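1. Got a predicted structure here, sequence first:
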Amino acid sequence: MLSIKLTIIYFSFSKTLEKCFYLLISFSLLAYGSSFILEKFKRVINIMPSKIRVLDEHTINKIAAGEVIESPASVVKELMENSLDAGATEICVEIKGGGRQLIRVTDNGAGMQQDDAVLCLERHATSKIKEVEDIQSIFSMGFRGEAIPSIASISKFTLLTAPQEGGEGTLVIVEGGKLMHCGPAARAPGTTIEVKSLFFNVPVRRKFQKSPAYEAQEIHKIITLLALGYPHVKFQLINNQSHEIQTGGSSGKAFSHQLKERIAALMGAEFVTSCCEVEITNGDYSLHGYVGAPHYSRQNRTGQYLFINKRAVFSPLISAVVRDAYGTSLPTNRHPIFVLHLNVPGETVDVNVHPQKKEVRLRQENILRELVLKGIQQAIHKGNVSSYQDHQPIHEDFSSPASTSTFIMPAVKPAFSLHPIQERNLAREYQPLPPMAKAPSREEPQPSFLAPLAQEKRSFPRVLATIPGYIILDAYSLEAWKQVSPDTLCLVDQKAAHARVIFENLLQARTGNAAVQSLLIPHHINLPPSEAAALSTNLDNFAQIGVHIHESGPHSFMIDAVPATFGNIDLSKWVVDLLDMMHSFPEGKMMDKEMEKRLSVAASHAAVHYRKRLQTEEAQSIVNQLFATSMPFFCPQGKSTLAFISAEEIFRNFKG
């Protein structure tokens, strides 16, 4: 009972104090003013200032620039997309220092009046949309109004523009987001935007930029991408006063013809002759473009260009469907090359899901999957496209560099025959090979890359016979290398074995210790502009592994020498594949471990074909070189080069 009375007294006293407190505040406000009293009470009750602030416009622009502008290539992409949205039919891009010193984009588009030229520097000021519903059916490249103010806030920015409808031009100069000048200027209708000293006021971003050569390659890719998306527009790239891309416009021709001409100009005439046209329509959905034959494929997706409503995007769904359309005609480790334009209703694609709009979200996936699958399968069927394996080189000479013998290659036998088995001359097809002379010992002269093991006295294993893909060894002659029962069947995977030989030769070529052979007739390569630019910056990397290449003209090269272990491989394809892997090292320098990984793949591509049946002398040459390597029992990628089948296993297969 006492506690209840004390509680009532406490609350009554608290209410009295609260009333006195409010009366004191009211009296003080009347006597001294609100600001004075607020400051005093802050000190008395220790009120902390607010931790949340509204950022100023300059800081906001810099943050937005970090999302939209990652590199000089991002600037070129945004400016060119604005030119395309303005209806330009001619676009010229000039760069210096990989775009960090200068980016100048000139077009003949709609241009702007002075009011619009100033307004475009404001964030989220755009002419592409008016209300939120417009985003649901957007067909322009840009619509957020972020690019121009973001670029202007991190560079020395100049805008010179004049409207197509006539009137004087406008010159706007901005430095680091601050307007320095705005006034009339003379210019033909269109727009020129000049960006100098990119990231001059963002030292952290500037520090993380790649080399000028790498940035120039990325800009090259952006222009190639947009040029394939808009084949009727004339594009030009001038890099350090050198014309690297120059395409013609073809506005009066059919789209398929425009696209084919553009593909030939940017991807090479060889691809055009090896591709199939895709054209299919289903209501509001249509697919147009070209896909490469299976033998004209890549080990990654660098040759895949997809445009949805003319917007270049990456879609895992479409890429997977295209790959499925090839079926078994393409190996699992290869990717098709294609240039595809997919037109869909605007409301079925959401382009506002990525800061750079590189990815889109698609609706009606079943319709798209069926359309793409059917269109590509029809194109491949009409083009009578052969499989990837049918175009692999099969006439390699794998003798050692010191050998002067000439071997005549047998014709490749089909994997199966429609004739009855009794009509096939099996004795002639698989007759035993004649006895071989004793394999050369280590004391005999050997190629330079065999030198590290020259002091060993072990003889090389002896080849007994060959079948397509495999070499049969004499188990007794292998005992010096591995404990094997004499009645064991020993098989060598010829492709894995040859890959090990080539791999170690490539590694030794980097130190100058491997044999390199000059080509009697230099091999000529023509590359698309983007790949030619990449190869020019990687010539030293190729020379390090014994592949000597020099430029012979615009976008063309000559291969003068290759490692001695190379056979008659498709050098053009091998160079392009290795170039794709080298691109992940932007500075042109490859770490040793990563370089080894890429050389292991390159060695596998250069090795003898797995379906080929070697002659005895060729097989013995591969075996000799294999057992001169540091790891003869494994290929560069860790797979076994030899397999052993015991007599018991063979017996079990024939046991009744």
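-> Now that the structure is in, tell me what you want to look at.
2. Quick check: end-to-end length of stretch 272-290?
-> Using CA to CA, to the nearest Å, the end-to-end distance of stretch 272-290 comes to 8 Å.
3. Start the count at 53 instead of 1 going forward.
-> Okay, using 53 as the starting number, the last item reads as stretch 324-342.
4. Not counting its own residues, what contacts it?
-> 307-308, 311-312, 315-316, 343-345, 347-348, 389-397, 419-420, 422-424, 426-428, 430-432, 434-435, 437 (CB atoms under 8 Å, 6 or more residues apart in numbering). All C-beta spots, glycine's among them, are computed from the backbone N, C-alpha and C.
5. what pLDDT, on average, does that stretch get?
-> In this model, stretch 324-342 has an average pLDDT of 90.
6. and what of stretch 127-144?
-> On average, stretch 127-144 scores 92.
7. One more: stretch 173-182?
-> Mean predicted lDDT for stretch 173-182 stands at 58.
8. What about the contacts of stretch 324-342, which are in helices?
-> Within the contacts of stretch 324-342, residues falling in helices by DSSP state H are 307-308, 311-312, 315-316, 419-420, 422-424, 426-428, 430-432, 434.
9. Leu211 and Leu223 touch, don't they?
-> Yes. Between Leu211 and Leu223 there is a contact under CB atoms under 8 Å: 7.3 Å.
10. Could you check which of these two has the larger neighbour count?
-> Leu211 (23 against 18; other CB atoms under 10 Å).
11. So that one belongs to a helix, correct?
-> No. Using DSSP: H, G, I helix; E, B strand; the rest coil, the secondary structure at Leu211 is strand, not a helix.
12. what's the span of stretch 580-600 from first residue to last?
-> End to end - CA to CA - stretch 580-600 spans 20 Å.
13. how far does stretch 201-216 stretch from start to finish?
-> Using CA to CA, the two ends of stretch 201-216 sit 23 Å apart.
14. Just the buried residues of that stretch, please?
-> By neighbour count on 16 or more other CB atoms under 10 Å, the buried set for stretch 201-216 is 201-215.
15. Where do the helices of the stretch 503-652 of the chain begin and end?
-> 527-530, 546-561, 581-589, 591-596, 623-634, 644-658 (DSSP state H, counting those that start in this stretch).
16. C-alpha coordinates for the fourth one, CSV please?
-> This file holds the C-alpha atoms of helix 591-596, laid out as CSV (Å, rounded to 0.1, in the frame of the first residue of the first chain):
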residue,chain,number,x,y,z
LEU,A,591,53.5,-9.0,-80.9
ASP,A,592,56.1,-9.2,-78.2
ASN,A,593,54.0,-11.7,-76.3
PHE,A,594,53.8,-13.9,-79.4
ALA,A,595,57.6,-13.5,-80.0
GLN,A,596,58.2,-14.7,-76.4
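17. tell me what that helix is packed against?
-> Helix 591-596 is packed against strand 600-605, helix 623-634, with contacts defined by 3 or more CB pairs under 8 Å, 6 or more residues apart in numbering; DSSP states H and E.
18. Go through these and find the least confident stretch.
-> helix 623-634 (a mean of 77).
19. Which residues does it contact?
-> Outside helix 623-634, the residues that reach it (CB under 8 Å, 6+ apart) are 350-352, 354, 575, 577, 579, 583, 586-587, 590, 593-594, 599, 601, 611, 614, 642, 650, 653-654, 657-658.
20. still on that earlier bit, filter the contacts of stretch 324-342 down to the buried ones.
-> 308, 311-312, 315, 343-345, 347-348, 389-394, 396, 419-420, 423-424, 427-428, 431-432, 437.
21. how close does Gly598 sit to Ile554?
-> 10 Å (CB to CB, to the nearest Å).
22. what do the two both touch?
-> With CB under 8 Å, 6+ apart, Gly598 and Ile554 have common neighbours Pro615.
23. Please identify the deepest-packed of the helices and strands packed on helix 591-596.
-> helix 623-634 (a mean of 20; mean count of other CB atoms under 10 Å).
24. now it against strand 600-605, angle please.
-> Angle, helix 623-634 to strand 600-605, by axes from the mean of the first three to the mean of the last three CA atoms, to 10 degrees: 100 degrees.
25. how many neighbours does Asn385 have?
-> 11.
26. Pull up the distance across stretch 534-548, start to finish.
-> 18 Å.
27. what does that stretch rub up against?
-> By CB under 8 Å, 6+ apart, stretch 534-548 touches 513, 518, 521-528, 530-531, 656, 659-662, 664, 666, 671, 674-675, 678, 685, 687, 691-699, 702.
28. Just the buried ones out of these, please.
-> Counted by 16+ other CB under 10 Å, the contacts of stretch 534-548 give 513, 518, 521-527, 530, 656, 659-661, 664, 666, 671, 674-675, 678, 687, 693-694, 696 as buried.
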